[in-house]
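S.K.: Quick one, fold the following:
(chains A and B)
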There are 2 protein chains.
Amino acid sequence: MAAGSVAGVKEGQGPMCRWFDFVSADDTFGQETWEQAESKMLKTAINIAIENSGFTDRDVDLIISGDLLNQLMASSFMARDLKLPFLGVYGACSAMTESLLLAAALTDGGYFNTAVNSASSHFSTAERQFRNPLEHGNQKPPYAQSTVVGAGAMVVSGKASGGGVRVAEALVGRVIDASVKDPNQMGPAMAPAAVDTIITYFNESGRNPDDFDLILTGDLGFTGREIALDMLKGLGVASGWPEGKFQDCGAMIYNKEPGLEGGGSGCGCSASVLAGFVYKKMKAGEFKRILALSTGALLSTISSFQGESIPGIAHAVVLESEGGK
Amino acid sequence: MAAGSVAGVKEGQGPMCRWFDFVSADDTFGQETWEQAESKMLKTAINIAIENSGFTDRDVDLIISGDLLNQLMASSFMARDLKLPFLGVYGACSAMTESLLLAAALTDGGYFNTAVNSASSHFSTAERQFRNPLEHGNQKPPYAQSTVVGAGAMVVSGKASGGGVRVAEALVGRVIDASVKDPNQMGPAMAPAAVDTIITYFNESGRNPDDFDLILTGDLGFTGREIALDMLKGLGVASGWPEGKFQDCGAMIYNKEPGLEGGGSGCGCSASVLAGFVYKKMKAGEFKRILALSTGALLSTISSFQGESIPGIAHAVVLESEGGK
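M.R.: Numbering: from 1, shown residues only, chains lettered A, B, ... in the order given. The predicted structure is shown next:
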């Protein structure tokens, strides 16, 4: 497979900086609305991934994409421009592994030759859709995560598409509701779903954590990562794991600075880190096998208004490096 | 495969009445909010489909579902209750064939044993999300369609699941934008996408319309169906088709009465008609092969506010009857 990753300004100043294929000088991506900006960013990631794969647009026979916007506005308008067969997926911030596992199965099964999967999020579209108008300048509690401006795309093909990285296995997650109702606590709401998918994966696969260089969740953030790690230790799974075996893209993407203390969230968080840092480390052979789980909080403004708790979901993919050093 | 279809009050008074598995006595489905009502309706369709398949919940290893609500609220909360592996899809009203083609490929490819696909819509959730508060009682132009209260589900399995109906082929559609900006003209906005997928299907498959008992679109409504038929005739495809070969679920679901003159729309329109009328006619051997295309209008309130036109999409599945008379 090949990959392309794009990030915004704050993300480009963080620890993942050198792994992104493109960092925008400003978060508008030259567009007139934030939604157009997100769609442009997503399209850019896809185009980079296709270019990196050595294929052209005409070799791609399927795009699978998801984002956080109502009616997948970023993905729908990207697909309008690219004019390729398109399947939209929604799993909140789990879109990257949801779309990747589908792309892998549909190409492996021979239904498509070459598929692109992708996901995006943008602070300025998501925060105003889910929370408050940007102009309010509302403060959030320090544990709340910040929506990542980022996008990632991968090209998955039965044919050679460079990179020496492949999807070896995948597991579709179940919806788990931990009864969290505070929309500023997405990490804690999603952590039990991530743990459920990890436990189910190890039970079903017969593998154990020693088989993996890294177990990487999508956007639990600092608080959610701690909760998930505590749960895994309580279940006897994470005991004896070396420091650093269990990481979270949301806890990796930002420098710790005011407003970003909770870490990152959004489809674009795991999308840009998986298509950037993870893919490139695997391509170089530094990681041989990782378990990656994008994590989604399936709330809407309506469900929160109606007093519902926040259902979580996490889909797992196992990425293997075929070559490297 | 097996199927389950559920409809609301107005739909249950229409021409499709006898084909639904369950018609609710009122559109609340016994729930406190309209969103809960839609989720309950969707879950009911799934449970009926599973029951009709002869399988139990425990045999199902995947649910793929979509609806019109922001963040797929109906599907997400259904999946929370059913506790099964879940993939959410968004393709506006194309959700039924989008989820069905994925369920068919993922089971045919051996990645899952038994998958359920489903879709739903509800007048009282969709109309207030996309248009105006229900309490306004706004009048719509007579050509505008009415969102169907309905849900459909299918059980697709490599193993015998009854019914003698199978997904033989499928085609993922492209996003086509016909530059329609009026959200009361969804049928005209989607018609070119339906035509694009139909033409592409015939070109790629080598089949011709004579191979099909019925070519059935999802929810173009009366106006959209006329436009699509004119386009197909103009392209030389529909010339010589017998009356009735090209139908639309949205034009079939309601009696012609005030407020319903435009026909039906919504994911639940093609979902309930495909899982009801079509499935049962095929099971009985009255239809041997049909080409079904759920059609989606990928607009959002934000995209309309921003002056964007309405992108359309249509995904095709070919259903074949294996038995019957």
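
S.K.: which regions of the stretch 151-300 of chain A sit below the pLDDT cut-off?
M.R.: A:159-163 (pLDDT under 70).

S.K.: Report the buried residues of stretch A:283-291.
M.R.: A:283, A:287, A:289-291 (16 or more other C-beta atoms under 10 Å in any protein chain shown). From N, CA and C alone the C-beta is placed, and that goes for glycine too.

S.K.: quick one, what contacts the residue of the stretch 1-150 of chain A at minimum distance from chain B?
M.R.: Residue nearest to chain B within the stretch 1-150 of chain A: residue A:109 (3.2 Å; C-beta to the nearest C-beta). Residue A:109 sits next to B:105-106, B:108-111 when contact means C-beta atoms under 8 Å, 6 or more residues apart in numbering or on different chains.

S.K.: Setting the sequence-adjacent residues aside, check what's closest to the most centrally placed residue in chain A.
M.R.: Computing the C-alpha centroid of chain A and ranking residues by C-alpha atoms, centre = their mean puts residue A:270 first, at 2.7 Å. Once flanking residues are discounted, residue A:270 sits nearest to residue A:218: 3.4 Å by C-beta to C-beta, 6 or more residues apart in numbering or on different chains.

S.K.: Number of residues surrounding that neighbour?
M.R.: 34 (other C-beta atoms under 10 Å in any protein chain shown).

S.K.: before we move on, the earlier item: farthest-apart pair in the contacts of residue A:109, please.
M.R.: Farthest apart among those by C-beta to C-beta are B:105 and B:110. That separation is 10.4 Å.

S.K.: Looking at the two, which is more packed in?
M.R.: residue B:105 (23 against 11).

S.K.: correct me, but the more buried one touches residue A:106?
M.R.: Yes. Counting by C-beta atoms under 8 Å, residue A:106 is a contact partner of residue B:105 at 5.9 Å.

S.K.: Identify the residues contacting residue A:95.
M.R.: So residue A:95 contacts A:65-67, A:89, A:119, A:267, A:271, A:294, A:296 (C-beta under 8 Å, 6+ apart).

S.K.: Measure how buried the closest residue to residue A:158 other than its chain neighbours is and give me the count.
M.R.: Excluding the flanking residues, the one nearest residue A:158 by C-beta to C-beta, 6+ apart is residue A:107, at 5.2 Å. By other C-beta under 10 Å, the residues close to residue A:107 number 23.

S.K.: Likewise for residue A:96?
M.R.: 38.

S.K.: these two touch, right, it and residue A:266?
M.R.: No. Taking contacts as C-beta under 8 Å, residue A:96 lies outside contact range of residue A:266: 10.3 Å.

S.K.: how about the residues of the stretch 151-300 of chain A near chain B?
M.R.: A:171-175, A:177, A:298-300 (C-beta under 8 Å from any C-beta of the partner chain).

S.K.: can I assume residue A:215 sits in a strand?
M.R.: Yes. Assessed with DSSP: H, G, I helix; E, B strand; the rest coil, residue A:215 lies in a strand.

S.K.: Show the contacting residues for it.
M.R.: A:198, A:209, A:245-247, A:290-291, A:293.

S.K.: how close does it sit to chain B?
M.R.: The gap separating residue A:215 from chain B is 19 Å, by C-beta to the nearest C-beta, to the nearest Å.

S.K.: and what of residue A:288?
M.R.: Residue A:288 is 24 Å from chain B, by C-beta to the nearest C-beta.

S.K.: Looking at the buried residues of stretch A:283-291, which one is closest to chain B?
M.R.: residue A:291 (16.5 Å).

S.K.: Kindly state the beta-bridge partners for the nearest residue to the closest one once chain neighbours are set aside.
M.R.: Once flanking residues are discounted, residue A:291 sits nearest to residue A:215: 4.7 Å by C-beta to C-beta, 6+ apart. Per DSSP bridges, the residues bridged to residue A:215 are residue A:246, residue A:291.

S.K.: swap in residue A:5?
M.R.: residue A:152.

S.K.: Count the neighbours of it for me.
M.R.: Around residue A:5 there are 31 residues (other C-beta under 10 Å).

S.K.: residues in contact with it?
M.R.: Counted by C-beta under 8 Å, 6+ apart, residue A:5 has contacts A:19-22, A:45, A:48, A:150-153, A:271-273, A:275-276, A:279.

S.K.: go with 6 Å
M.R.: A:20-21, A:152, A:272, A:275-276 (C-beta atoms under 6 Å, 6 or more residues apart in numbering or on different chains).

S.K.: can you list these in CSV and add neighbour count?
M.R.: Shown next, in CSV, are those (neighbours: other C-beta atoms under 10 Å in any protein chain shown):
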residue, neighbour count
A:20, 27
A:21, 22
A:152, 37
A:272, 38
A:275, 34
A:276, 28
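
S.K.: Just the ones of those in helices?
M.R.: Counting by DSSP state H, the part of the contacts of residue A:5 found in helices is residue A:272.

S.K.: any idea which element residue A:75 lies in?
M.R.: Using DSSP states H and E, residue A:75 falls within helix A:73-82.

S.K.: wait, does that helix contact chain B?
M.R.: Yes. Between helix A:73-82 and chain B, judged by C-beta under 6 Å from any C-beta of the partner chain, the touching residues are A:73, A:76, A:79-80.

S.K.: Can you give the contact residues for that helix?
M.R.: Outside helix A:73-82, the residues touching it (C-beta under 6 Å, 6+ apart) are A:35, A:38-39, A:42-43, A:65, A:67, A:86, A:88, A:120, B:175, B:177, B:298, B:300, B:303, B:311.

S.K.: what's the answer for stretch A:292-308, then?
M.R.: Contacts for stretch A:292-308 (C-beta under 6 Å, 6+ apart): A:91-94, A:96-97, A:183, A:186, A:189-190, A:194, A:197, A:216-220, A:270, A:274, A:310-314, A:316-317, B:33, B:70-71, B:73, B:76.

S.K.: which ones among the contacts of residue A:95 are found in helices?
M.R.: Using DSSP H, the contacts of residue A:95 in helices are A:267, A:271.

S.K.: can I get the contacts of residue A:95 in a markdown table with neighbour count?
M.R.: Listed next are these as a markdown table, based on neighbours: other C-beta under 10 Å:
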| residue | neighbour count |
| --- | --- |
| A:65 | 32 |
| A:66 | 33 |
| A:67 | 35 |
| A:89 | 30 |
| A:119 | 39 |
| A:267 | 39 |
| A:271 | 40 |
| A:294 | 37 |
| A:296 | 35 |
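
S.K.: So which bits of stretch A:206-213 are buried?
M.R.: Buried residues in stretch A:206-213 (16+ other C-beta under 10 Å): A:209, A:212-213.

S.K.: Off-centre distance for that stretch?
M.R.: Centroid separation for stretch A:206-213 versus its chain: 22 Å, with C-alpha atoms, centre = their mean, to the nearest Å.

S.K.: C-alpha coordinates for that stretch, CSV please?
M.R.: Output of stretch A:206-213 as CSV, limited to C-alpha atoms (Å, rounded to 0.1, in the frame of the first residue of the first chain):
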residue,chain,number,x,y,z
GLY,A,206,-4.6,-16.4,19.2
ARG,A,207,-1.8,-13.8,19.0
ASN,A,208,-0.5,-12.0,22.0
PRO,A,209,0.8,-8.4,22.5
ASP,A,210,4.4,-9.6,22.2
ASP,A,211,3.7,-10.1,18.5
PHE,A,212,3.3,-6.4,18.1
ASP,A,213,5.7,-3.5,18.1
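
S.K.: Contact partners for residue A:175?
M.R.: Counting by C-beta under 6 Å, 6+ apart, residue A:175 makes contact with A:311, A:313, B:79-80, B:86.

S.K.: Quick check: beta-bridge partners of the residue nearest to residue A:17 when sequence neighbours are not counted?
M.R.: Distances taken as C-beta to C-beta, 6+ apart place residue A:23 nearest to residue A:17, at 6.8 Å, with adjacent residues excluded. Beta bridges link residue A:23 to residue A:7, judged by DSSP bridges.

S.K.: which stretches of the stretch 201-325 of chain A form strands?
M.R.: For the stretch 201-325 of chain A, strands defined by DSSP state E, counting those that start in this stretch occupy the ranges A:214-217, A:246-248, A:264-265, A:289-297, A:311-321.
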